[in-house]
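Asks: Quick check, what structure comes out for this input:
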Amino acid sequence: MALHICFSLGYKYESDLRKYLLTKSNTDIGPQSDLSKPIAINTTIEMQRLLSLDYVTGEMCTVSQILTKWYDKRLTWDAGRYGNITRLFIKPEQVWSPKIRIYNVRSPPLDIGQDFIIIHYNGTLVKEHLIMVYSNCNINPIAYPFDTQLCPMYAYIESSNYDYVRFSKFFVEKSIFWRHHVWDVRFKFYPQKVYDKSVGVIRFTLKRMTQFKDVASLLPLFFLSLSSILPFKLSIDHGERLSVSTTTFLSNVVYMTEFDKKMPLNTENYSAVQYFLIGSTILSGFSTIMAIIISLTAEQQRMRHIEPKQGNTDSKDDDSIADNKEAITKANVRKRRIGVFNNITFYIILVCLLTNSVYIIVILVKGSLGENLQ
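Replies: The predicted model follows:
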C-alpha cells in the first residue's frame, strides 16, 4: 500500500511538473530575453566510428553523437515543490532547442538513435542524438598507396537570425570504438564565423596504414620497368627481343587501365604511380619500336649477304680475295654501328627509367611520412 501511494505521488509530481514546464515553454522562440546577447550553445561531437571512405567517389561515412547544452531560464523549477525531481526527460519537439546542422554532406544526416532532451531544475538543457553522416572528401591520390587525406566537416546552428545563437564551446572527442582497418584517423576542431554563421569546423586527417596488398601492388611496376631494357642486353640476332618488348608494352597498358579504375573520379591531381605507369608505358613502347628497327636493320644486312661466306680461296684470284675482305670489313663496321645504336638506346631508356623511379620513390617516401602533398 505504501509503495502504491509513493508511486502515485511520484507520478502526480511529474505530471504536474510537465504541465508547468509546457505552459512556460515556446518551441518557436528562443530563451534569450536580451536580443543583443546571443544564446550560448555548448556542443560536443563524439566521433563514434568511421564506417567507410570510398576512394573512387570521395564519400566518407561516419557515425557521430552530438551532445548539446544550453540554458533556458523559463524552464526552471523548485525541486522541493515537485517531489525533489531534479531532472526530466522530454521529447525535442516539446521545447525550443538549437538545430545543429552538418554541411559538406551528400545527403541529410540520418538519425539512428532516439532523440531526447534532459531538463535540469536549474534551467540547463542537454540534448543527445546519434547521426550517420555521408560527407564529401576531396581525395588527393598523389602519394597513393602511402597517402594522407584531409577531409573537413562543418557544423552550424540553424536559425532565422544567426546573431541570436552561437557556439560558446565546441569540442570534438574520439570514441573508444573509433577504429578502422585502413585509415589512421585524427582530427582537429575549431570555431569560426562564415557568412555571419557560428560554424564549428572539424578537419579529419586520414593516414593510410601500410598493408601488404598495397606494397605488393607496386612490385609489378618495377619488374615491368626492368623488362623495358632487358631486350637490349640480348644478342641482336636473338629471336625473343621483339616478343619481350611487345609483351612488356601490352602489360603496362593493361596494368595502367586497371590501376586507373581505383583512382578518384573527381580530383585535380593524379597519383605518382599513374605518372610512373605513363612513363613506363612510353618507355616500353619506345623500346618496342627500337627493337623492331634494330631487328629489321640486322635482317636487311643478312638478306643482302653483307657477311659473305668464306669458301675455298685457292681457286680465286687476288681481286676476288680483296673484294671478299673488303665486304667482310664493311659488314663488321655495320654490325658494330648497330651494336652502338643498340647500346645508346639501352642507356637512353635506362636514364629515363631511373629518373622516373626516383620521382615516384620521393613522392611515396613523403607520403609515408605523413605529408599531404597538395
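
Asks: low pLDDT regions in the stretch 101-250 of the chain?
Replies: By pLDDT under 70, the weakly predicted segments of the stretch 101-250 of the chain are 114, 160-163, 191-197.

Asks: quick one: the strands in the stretch 151-300 of the chain?
Replies: 165-174, 183-194, 197-208 (DSSP state E, counting those that start in this stretch).

Asks: Now do the SS call for Ile85.
Replies: When classified by DSSP: H, G, I helix; E, B strand; the rest coil, Ile85 comes out as coil.

Asks: Would you mind measuring from it to Ile117?
Replies: Distance, Ile85 to Ile117, by Cβ to Cβ, to the nearest Å: 15 Å. Any C-beta I mention is one placed from the backbone N, CA and C, and that applies to glycine too.

Asks: neighbour-wise, which of the two wins?
Replies: Comparing Ile85 with Ile117 by other Cβ atoms under 10 Å, the one with more neighbours is Ile117, at 20 against 16.

Asks: Skipping adjacent residues, who's closest to that one in space?
Replies: Lys127 (4.8 Å; Cβ to Cβ, 6 or more residues apart in numbering).

Asks: With His129 instead?
Replies: Leaving aside its sequence neighbours, His129 sits nearest to Asp115 (Cβ to Cβ, 6+ apart; 4.3 Å).

Asks: Enumerate every residue touching the one you found.
Replies: Applying Cβ atoms under 8 Å, 6 or more residues apart in numbering to Asp115 gives the contacts 91-92, 127-129.

Asks: As JSON lines, these with neighbour count would be great.
Replies: Formatted as JSON lines, those follow (neighbours: other Cβ atoms under 10 Å):
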{"residue": "Lys91", "neighbour count": "10"}
{"residue": "Pro92", "neighbour count": "14"}
{"residue": "Lys127", "neighbour count": "19"}
{"residue": "Glu128", "neighbour count": "16"}
{"residue": "His129", "neighbour count": "19"}
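
Asks: what's the farthest-apart pair in those residues?
Replies: Using Cβ to Cβ, the two most remote members of the contacts of Asp115 are Lys91 and Glu128, lying 12.9 Å apart.

Asks: In this protein, which residue is most central in space?
Replies: When Cα atoms, centre = their mean is applied to the chain, the residue found nearest the centroid is Ile139 (4.4 Å).

Asks: Assign it to helix, strand or coil.
Replies: Assignment for Ile139 (three-state DSSP): coil.

Asks: Show the backbone phi and psi for it.
Replies: When read as degrees, to the nearest 10, the backbone of Ile139 gives phi -70, psi 130.

Asks: Not counting residues beside it along the chain, what's closest to it?
Replies: Nearest non-adjacent residue to Ile139 (Cβ to Cβ, 6+ apart): Pro264, at 4.0 Å.

Asks: ok, that neighbour - contacts?
Replies: Pro264 is in contact with 55-58, 139, 141, counting by Cβ under 8 Å, 6+ apart.

Asks: so which pair among these is furthest apart in space?
Replies: Thr57 and Pro141, at 12.8 Å, using Cβ to Cβ across the contacts of Pro264.

Asks: Can you pick out the residue with more neighbours from the two?
Replies: Each of Thr57 and Pro141 has its neighbours counted (other Cβ under 10 Å); Pro141 has more, 21 against 14.

Asks: pLDDT averaged over stretch 348-359 - what is it?
Replies: Across stretch 348-359, pLDDT averages out at 84.

Asks: Name the nearest residue to Phe171, sequence neighbours excluded.
Replies: In space, Phe171 is closest to Thr44, 4.5 Å off (Cβ to Cβ, 6+ apart).

Asks: Cool, thanks, talk later.
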